[in-house]
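**Student:** quick one: sequence and predicted model below, then my questions.
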Amino acid sequence: MITADGGSRMGKKVLYKSLVDESLKLAQSPPEKVLIFRRGLDPDMPTVAGRDVDWHEFAAPHAGAQVPCAWLESNEPSYILYTSGTTGKPKGVQRDVGGYCVALASSMELIYCGHAGETMFTTSDIGWVVGHSYIIYGPLIAGMTTIMYEGVPIRPDAGIWWKIVQDHKVTVMFSAPTAIRVLKKQDPAYLSKYDLGSLRHLFLAGEPLDEPTHVWIAGALKKPVIDHYWQTETGWPILSAVPGVEQTRNKFGSPSFPVYGYDLQLLRESDASEAGPDEKAVVAIVPPLPPGVMSTVWGDDERFVKTYFTTFASKMVYATFDWGIRDRDGYYFILGRTDDVINVAGHRLGTREIEEAVSMHANIAECAVVGVADALKGQMPLAFAVAKDTSTLASPEGRKQLEKEVMETVDRQLGAIARPKAVHFVTLLPKTRSGKTLRRAIQALAEGRDAGDLTTIEDPAALEQLTSALAGK
Ligand code: ATP
Ligand code: MG
């Protein structure tokens, strides 16, 4: 096992080695040795004699060694990585070696337009699939330099990412909408302070890129911002523009088209037949799955088939569990998760669509909408929103006023049927460590139930805020 003594996040130290020690006590097959890279973050770090090895002592005699490739059969597992745990217990995705290399190599050239000798900056964490694919394997396979940045986009200030782009002449950048929404709350002057001439594209993935955020970042950067859609399971994009092959027009809110290798279909929930243009349906992939996509659930082939391939009785296809729609020009839009649908007095509404509508209000930075049980209507949407300018929230009248305006915005976009029962204002939404809103936890709290498995939550303080907001405090 290889670890550092610790890491740092938002000025807080996280002591990895003590976490490792703890987990090795629980492990059934603990590794013989633990190689520790000391960064000086844990001066009092305890060590286990005979097991713990110091990186510097161990590596010094090997410095500059040429290590040959280890050849593997292409279906050998390369790694297991867990999904984000947004909708339930994280699933252990197993990936192969050969197919993954092929998929990443081709995507580096055709989707990301990254070339040997250039630099890629992916702002993810190597513990997530985006980090595995596009901090580590992808850029290195392409012969690029890769930047691994520890920290958040607003420390020491909101210009740090753009300074990195300037100083390291980054050509390809990859981030997530959640981070862009964080930056959107900061002074936009940070974006014009640095020379971003080297940058070709900014790619975003991980969750829906709402139109106001897309418009804002594309305008501020003056570079093409490409929304693309994928899953931990696929390891690389499912829907994307492919600028290395053809320049296509970007449509706000759309991750463009199915990527080569994917036989994508939009299937009607009722009978698995193919949906027509502008008809909302389940996004499915017809097997064989393209290279790079998961080969099974770790240790459980049956769960792999049962989880992913049994949504439709009449068709054995891979279900993404996302809703999608294709417009008349062939552009795809992701409309949220299949379990994020609520039923208001017989009308089926996607919480994602209501969130889009709430975000149309100029003073809303981000929001989450969930369905809560309602005696009369079955379910009703309930909104939690983060305001950009919080001064209006100082008084109860100000809150009421903003709530009313948000409701009117939703009425205008979707009709009164979608109007939230209430809009609660918070400064923080509960998110997974990869920045996805934990709607299932919000919904549980709103319905007075237990919030469930919270091991994937980033900051538990968000739950306290929700609880107070719900209690009307
Ligand atoms: P879990 O599967 O454990 O519930 P998760 O689905 O959030 O967690 P990930 O694999 O990290 O785990 O996320 C993939 C999901 O993220 C997609 O299925 C989709 O819902 C969402 N997503 C990713 N990229 C986009 C995008 N560009 N637009 C809209 N949604 C996206
Ligand atoms: Mg998922």
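**Tutor:** Perfect, I can see it now. Ligands and ions are numbered 1, 2, ... in the order given.
**Student:** what residues are up against F174?
**Tutor:** By C-beta atoms under 8 Å, 6 or more residues apart in numbering, F174 lies in contact with Y112, M120, F121, T122, T123, S124, V130, Y134, L202, F203, L204, A205. C-beta coordinates here come from the backbone N, C-alpha and C atoms, glycine included.
**Student:** how many other residues sit next to the first one?
**Tutor:** Going back to what we said before, that points to Y112. 31 (other C-beta atoms under 10 Å).
**Student:** if we can go back for a sec, a markdown table please, covering the contacts of F174 and showing pLDDT.
**Tutor:** What follows is the contacts of F174, written out as a markdown table (pLDDT from 0 to 100):
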| residue | pLDDT |
| --- | --- |
| Y112 | 98 |
| M120 | 98 |
| F121 | 98 |
| T122 | 98 |
| T123 | 96 |
| S124 | 91 |
| V130 | 96 |
| Y134 | 98 |
| L202 | 98 |
| F203 | 98 |
| L204 | 97 |
| A205 | 96 |
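**Student:** tell me the one among the residues you listed nearest to L221.
**Tutor:** Among the contacts of F174, L202 lies closest to L221 (C-beta to C-beta), at 6.2 Å.
**Student:** strand partners of whichever helix or strand that closest one is part of, parallel vs antiparallel please.
**Tutor:** Assigned by DSSP states H and E, L202 belongs to strand 201-204. Partners of strand 201-204 in the sheet, by DSSP bridges, are strand 170-175 (parallel), strand 225-227 (parallel).
**Student:** need the residues of the stretch 351-473 of the chain near ligand 1, please.
**Tutor:** S434, K436 (C-beta under 6 Å from any ligand atom).
**Student:** can you name the residue of the stretch 351-473 of the chain nearest to ligand 1?
**Tutor:** Per C-beta to the nearest ligand atom, K436 is where the stretch 351-473 of the chain lies closest to ligand 1, at 4.9 Å.
**Student:** okay, now the unreliable bits of this structure?
**Tutor:** Within the chain, the ranges that satisfy pLDDT under 70 run 473.
**Student:** who touches W216 in this structure?
**Tutor:** With C-beta under 8 Å, 6+ apart, W216 has these contacts: I180, K184.
**Student:** and the stretch 1-150 of the chain, which residues reach ligand 1?
**Tutor:** Going by C-beta under 6 Å from any ligand atom, the residues of the stretch 1-150 of the chain near ligand 1 are T83, S84, G85, T86, T87, G88, P90, K91.
**Student:** how many neighbours does the fourth one have?
**Tutor:** Just to be clear, that refers to T86. Neighbours around T86, by other C-beta under 10 Å: 19.
**Student:** same question for the last one.
**Tutor:** Other residues lying near K91 total 21 when counted by other C-beta under 10 Å.
**Student:** now swap in the third one and tell me
**Tutor:** Counted by other C-beta under 10 Å, the residues lying close to G85 total 20.
**Student:** phi, psi of it?
**Tutor:** Per-residue torsions, G85: phi 80, psi 30 (degrees, to the nearest 10).
**Student:** what's the closest non-adjacent residue to it?
**Tutor:** T456 (3.7 Å; C-beta to C-beta, 6 or more residues apart in numbering).
**Student:** report how many residues lie close to the one you found.
**Tutor:** A count of nearby residues for T456, using other C-beta under 10 Å, gives 20.
**Student:** can you check the one 5 residues further on too?
**Tutor:** Applying other C-beta under 10 Å, we find 12 other residues in the vicinity of A461.
**Student:** and it, what is it in contact with?
**Tutor:** Counted by C-beta under 8 Å, 6+ apart, A461 has contacts L428.
**Student:** give me the contact list for stretch 348-356.
**Tutor:** Stretch 348-356 has contacts (C-beta under 8 Å, 6+ apart) with 208, 210-211, 253, 280, 323, 335-337, 340-343, 367-371, 381, 383, 410, 413-414, 417-418, 420, 439.
**Student:** for this structure, longest helix please?
**Tutor:** Ranked by number of residues, the top helix in the chain under DSSP state H is helix 396-414.
**Student:** who does the helix or strand just after that one touch, helix- and strand-wise?
**Tutor:** Using DSSP H and E, the next helix or strand after helix 396-414 towards the C-terminus is strand 423-425. Applying 3 or more C-beta pairs under 8 Å, 6 or more residues apart in numbering; DSSP states H and E, one finds that strand 423-425 contacts strand 378-387, helix 396-414, helix 461-470.
**Student:** just give the nearest non-adjacent residue to the residue nearest the centre of the chain, would you?
**Tutor:** Of all residues in the chain, the one closest to the mean position by C-alpha atoms, centre = their mean is G206, 2.8 Å from it. Spatial nearest neighbour of G206, chain neighbours left out: A176 (4.1 Å); criterion: C-beta to C-beta, 6+ apart.
**Student:** tell me the contacts of that neighbour?
**Tutor:** Going by C-beta under 8 Å, 6+ apart, A176 touches T123, S124, V130, L204, A205, G206, E207, S434, G435.
**Student:** check V259 too.
**Tutor:** S107, I111, W236, P237, I238, L239, S240, V242, P290.
**Student:** would a markdown table of those residues with distance to T248 and neighbour count be doable?
**Tutor:** Listed next are those as a markdown table, based on distance: C-beta to C-beta, whole Å; neighbours: other C-beta atoms under 10 Å:
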| residue | distance to T248 | neighbour count |
| --- | --- | --- |
| S107 | 16 | 28 |
| I111 | 12 | 24 |
| W236 | 19 | 28 |
| P237 | 14 | 27 |
| I238 | 16 | 26 |
| L239 | 12 | 25 |
| S240 | 10 | 25 |
| V242 | 8 | 22 |
| P290 | 20 | 20 |
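**Student:** export the residues you listed to a markdown table and tack on secondary structure?
**Tutor:** What follows is the contacts of V259, written out as a markdown table (DSSP: H, G, I helix; E, B strand; the rest coil):
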| residue | secondary structure |
| --- | --- |
| S107 | helix |
| I111 | coil |
| W236 | coil |
| P237 | coil |
| I238 | coil |
| L239 | strand |
| S240 | strand |
| V242 | coil |
| P290 | coil |
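**Student:** looks to me like H56 is in a helix.
**Tutor:** Yes - according to three-state DSSP, H56 belongs to a helix.
**Student:** measure it to ligand 1 for me?
**Tutor:** Separation of H56 from ligand 1 (C-beta to the nearest ligand atom, to the nearest Å) stands at 35 Å.
**Student:** right, and that residue touches I36 too?
**Tutor:** No - the pair H56 / I36 is not scored as a contact, 9.5 Å apart, by C-beta atoms under 8 Å.
**Student:** who has more neighbours, these two?
**Tutor:** I36 (23 against 10).
**Student:** give me the neighbour count for I325.
**Tutor:** I325 has 18 neighbouring residues, counting by other C-beta under 10 Å.
**Student:** backbone dihedrals for it, please?
**Tutor:** Torsion angles, degrees, to the nearest 10, at I325: phi -150, psi 150.
**Student:** so what does the residue nearest to G206 have for phi and psi?
**Tutor:** Dihedral angles of A176 (phi, psi; degrees, to the nearest 10) stand at phi -130, psi 150.
**Student:** adding secondary structure, write the contacts of A176 out as TSV.
**Tutor:** Formatted as TSV, those follow (three-state DSSP):
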residue	secondary structure
T123	coil
S124	coil
V130	helix
L204	strand
A205	coil
G206	coil
E207	coil
S434	coil
G435	coil
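**Student:** just flag the most distant two among the residues you listed.
**Tutor:** Most distant of the contacts of A176, by C-beta to C-beta, are T123 and E207, 14.2 Å apart.
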